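A.B. asks: I'd like to go over a predicted model; first the sequence, then the structure.
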Amino acid sequence: MSAQLIRRYWECANARDWTAFANTLHPDVEYRVPQTRERIRGVDQYVAFNATYPGDWRVEIVRVLADGDQAVSEIAFHVEQQTLTGISFFTLQDGLIRRIEDWWPEPYEAPPRAVAVERY
């Protein structure tokens, strides 16, 4: 059930259905981006954050893993001419998303190594 909730959350975001999106969230939802030290609290503020996000963006779900009240998703976030990887950790409460922690790793060139590493 928690994996379905996370998929629904992303589907609603893609559809820009902010009412349905809000219905996936706990009233006391908290959103954090550790890299930028941003925190948003409450459904109204978090919905507004997403509804006003700049650019023409689209989310592609790569995978969702869930266990009890914890879930994680990997997404391909397509915005303008680039695609970013997003990893989101979710904590659920009362069947709704209570906390989200977003990580946005950037690709980088691996350093030379002393052991054989296969690149893909």
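C.D. replies: Thanks, I have it.
A.B. asks: now the helices: where do they sit in this protein?
C.D. replies: If DSSP state H is used as the criterion, the helices of the chain fall at 2-15, 18-22, 43-51.
A.B. asks: Of those, which stretch is the most buried?
C.D. replies: Of these, the one with the most neighbours on average (mean count of other CB atoms under 10 Å) is helix 2-15, at a mean of 17. In short, each C-beta sits where N, CA and C put it, glycine included.
A.B. asks: would you list the helices of the chain in JSON lines and tack on mean pLDDT?
C.D. replies: JSON lines is the format used below for the helices of the chain (pLDDT from 0 to 100):
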{"stretch": "helix 2-15", "mean pLDDT": "97"}
{"stretch": "helix 18-22", "mean pLDDT": "98"}
{"stretch": "helix 43-51", "mean pLDDT": "95"}
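A.B. asks: Nearest to Glu109, out of those helices?
C.D. replies: helix 2-15 (29.8 Å; CB to CB).
A.B. asks: which residues are in contact with that closest one?
C.D. replies: 18, 20-21, 23-25, 50, 58-59, 61, 64-71, 73, 75, 90, 92, 95-97 (CB atoms under 8 Å, 6 or more residues apart in numbering).
A.B. asks: if we can go back for a sec, need the helices of the chain in TSV with distance to Val117, can you?
C.D. replies: Rendered in TSV, the data for the helices of the chain read as follows (distance: least, CB to CB, whole Å):
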stretch	distance to Val117
helix 2-15	33
helix 18-22	41
helix 43-51	38
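A.B. asks: The chain: strands as residue ranges?
C.D. replies: For the chain, the strands defined by DSSP state E cover 25-33, 38-41, 57-67, 70-79, 82-93, 96-103.
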